[in-house]
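Asks: this is a predicted model, with the sequence first.
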Amino acid sequence: MSSPKKQPQKPTCKRIAVIPGDGIGQEVIPQAVKVIQASGADVEFADFDWGADRYLRDSTTVPPGGFAMLGRDFDAVLVGAFGDPRVKSNIHAKEILLGMRFQMDLYANVRPVRLLEAALCPLKGIEPKDVDFVVIRENTEGVYTDAGGVFKPGTPDEIAIQEDINTRMGVERIIRYAFEFCRTHTKLDGSPRAKVLMCDKSNAMTHAGGLWQRVFQEVSREYPQITPQHMYVDALCLQMVRDPRQFDVVVTNNMFGDIITDLAAGLQGGLGMAASGNIHPGKTSMFEPVHGSAPPIAGKNVANPFGAILTAAMMLAHLGMTREARKIEAAVLEAVRQKKTTEDVGGRLGTREAGEWVADRVSRG
Ligand code: NAD
Ligand code: IPM
Ligand code: MN
């Protein structure tokens with residue numbers, strides 16, 4: 001009798017592509033990597049130098065086959081930020097960052113909004129339990145597709161057209177993602193998520209808004225246990241600073257999602273605290289802090305690494321390493337409580353020192 005063929009063992013070690021990018025991305029990402037290592041997560045890293053320096057050196061933004069390689073050879077991608085005053089066109093950011101989102105079809109930009117300590121919120125009387133919502137931003141369509149053009153450039157008759165692309169498929173999948181997210185996630189205090197709010201500007205942008213409205217109503221009927229809500233984006237901005245307690249899951253298009261998540265970062269203590277994931281369920285996904293490359297503070301060891309570190313925790317949770325992710329989140333919370341932070345959130349530490357404090361805490365935890 002022949003013995004059964006031995007199946008190759010599925011390696012548990014996850015492979016992470018690391019792209020720090022430009023400016024403070026090069027400072028915060030090494031801290032996030034250090035914290036992941038301290039957590040004992042079974043991962044290995046490969047570094048990529050995509051960004052402004054590489055572009056200025058050899059005109060490469062993304063090497064040929066780069067996105068296919070990321071999808072094939074890696075379980076996740078950890079990214080810093082792109083943007084450099086030496087590259088006026090911002091072409092490298094567009095090709096690398098938007099390239100990853102579009103070509104790897106990372107359609108759900110998940111941006112959690114959590115307040116770790118009351119002192120970090122500029123609103124009076126708002127406590128951590130009051131700010132615990134998530135923005136689900138459509139990430140592959142809208143005004144970001146670069147459809148359009150310029151007619152008679154540089155003349156008094158110049159016409160610039162920027163198209164807003166909204167496909168039935170794209171709108172439906174992001175709205176469905178938001179409802180599924182609501183169904184399957186709890187709040188930090190363990191209570192169930194219960195509301196999905198769609199944010200648009202359908203009173204002025206009637207064509208695209210009409211599609212979003214219709215699809216939202218249709219999909220919401222499949223989730224009778226979830227309360228569907230709607231707000232125009234301008235009204236939502238007011239409500240976010242008036243009373244953030246009312247939000248649970250917010251779903252919106254690409255541009256509104258970009259704008260309201262900077263506003264939401266303000267509720268959390270600033271851009272230095274905000275994490276995000278660019279996700280396509282089942283495919284290699286990409287994780288990056290919400291902030292940019294912050295050129296004026298780059299290279300000074302002052303940038304807050306916690307947004308990047310919380311992003312790393314989000315990535316580990318996505319890869320199934322929830323224990324390591326929780327350990328990291330707990331250490332960041334403790335750092336905030338003990339003011340072992342950078343100056344933007346009230347401490348006196350540098351980027352490296354704040355990262356080291358968290359890594360040390362994680363390795364003991
Ligand atoms: P930014 O997020 O870089 O900075 C906005 C403000 O927040 C600045 O005052 C900055 O000092 C502060 N800030 C940001 N991150 C911080 C941190 N970790 N710690 C402390 N303070 C922090 O946005 P910007 O100034 O509009 O853009 C700068 C460049 O970054 C531009 O080229 C822009 O296109 C790019 N950008 C890239 C991304 C990305 O790659 N994901 C995101 C946003 C902006
Ligand atoms: C973000 C950034 C990007 C966006 C820029 C750099 C193109 O602001 O990730 O929030 O608008 O999506
Ligand atoms: Mn943004």
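Replies: Yep, that arrived. Ligands and ions are numbered 1, 2, ... in the order given.
Asks: stretch 267-286 close to ligand 2?
Replies: No. Stretch 267-286 stays clear of ligand 2 (C-beta under 6 Å from any ligand atom), getting no nearer than 7.3 Å. All C-beta atoms are positioned from the backbone trio N, CA, C, and that covers glycine.
Asks: and the residue nearest to G365 when sequence neighbours are not counted, what is it in contact with?
Replies: Of all residues not flanking G365 in the chain, K327 sits nearest, at 4.7 Å (C-beta to C-beta, 6 or more residues apart in numbering). Going by C-beta atoms under 8 Å, 6 or more residues apart in numbering, K327 touches S39, V362, G365.
Asks: and these as a markdown table, adding distance to ligand 1 and neighbour count?
Replies: Shown next, in a markdown table, are those (distance: C-beta to the nearest ligand atom, whole Å; neighbours: other C-beta atoms under 10 Å):
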| residue | distance to ligand 1 | neighbour count |
| --- | --- | --- |
| S39 | 21 | 24 |
| V362 | 19 | 26 |
| G365 | 23 | 16 |
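Asks: out of those residues, who's nearest T12?
Replies: Distance to T12, by C-beta to C-beta, is smallest for S39 among those, at 15.0 Å.
Asks: how about the nearest residue to that closest one once chain neighbours are set aside, what does it touch?
Replies: Closest residue to S39 apart from its sequence neighbours, by C-beta to C-beta, 6+ apart: E324 at 4.0 Å. Applying C-beta under 8 Å, 6+ apart to E324 gives the contacts I36, S39, G40, A41, A313, L316.
Asks: could you redo the last one with a cut-off of 6 Å?
Replies: With contact taken as C-beta atoms under 6 Å, 6 or more residues apart in numbering, E324 is in contact with S39, A41, L316.
Asks: pLDDT added to those, as a markdown table?
Replies: As requested, these are exported to a markdown table (pLDDT from 0 to 100):
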| residue | pLDDT |
| --- | --- |
| S39 | 98 |
| A41 | 98 |
| L316 | 98 |
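Asks: ok, the residue in the chain that ligand 2 sits nearest to - how many residues close by?
Replies: Going by C-beta to the nearest ligand atom, ligand 2 is nearest to D258 of the chain, at 4.1 Å. Using other C-beta atoms under 10 Å, D258 has 19 neighbouring residues.
Asks: helix or strand: which one has it?
Replies: Using DSSP states H and E, the element containing D258 is helix 254-268.
Asks: do the same with F45
Replies: With DSSP H and E as the criterion, F45 is inside strand 43-47.
Asks: likewise for R323?
Replies: Assigned by DSSP H and E, R323 belongs to helix 322-337.
Asks: what distance separates the next helix or strand after that helix from the centre of its chain?
Replies: Counting by DSSP H and E, the element after helix 322-337 in chain order, helix or strand, is helix 351-364. With C-alpha atoms, centre = their mean, to the nearest Å as the basis, helix 351-364 stands 22 Å off its chain's centre.
Asks: how about stretch 177-195?
Replies: Averaging C-alpha positions (C-alpha atoms, centre = their mean) puts stretch 177-195 18 Å from its chain's average.
Asks: could you pull up phi and psi at the residue nearest to D157 when sequence neighbours are not counted?
Replies: Spatial nearest neighbour of D157, chain neighbours left out: F151 (7.9 Å); criterion: C-beta to C-beta, 6+ apart. The phi/psi pair for F151 (degrees, to the nearest 10) reads phi -110, psi 130.
Asks: if we can go back for a sec, what average pLDDT does the next helix or strand after the helix holding D258 get?
Replies: The element immediately downstream of helix 254-268 (helix or strand, assigned by DSSP H and E) is strand 277-279. Averaging pLDDT along strand 277-279 yields 98.
Asks: ok so, going back, give me the pLDDT value at the residue nearest to S39.
Replies: What the model reports for E324 is a pLDDT of 98.
Asks: kindly report the same for K6.
Replies: Here the pLDDT value assigned to K6 is 48.
Asks: on that earlier part again, just the contacts of E324: which are in helices?
Replies: Among those, the residues falling in helices (DSSP state H) are L316.
Asks: in CSV: the contacts of E324, plus distance to P289.
Replies: Below are the contacts of E324 laid out as CSV (distance: C-beta to C-beta, whole Å):
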residue, distance to P289
S39, 18
A41, 18
L316, 15
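Asks: of the contacts of E324, closest to D248?
Replies: Nearest to D248 among those, counting by C-beta to C-beta, is L316 at 24.1 Å.
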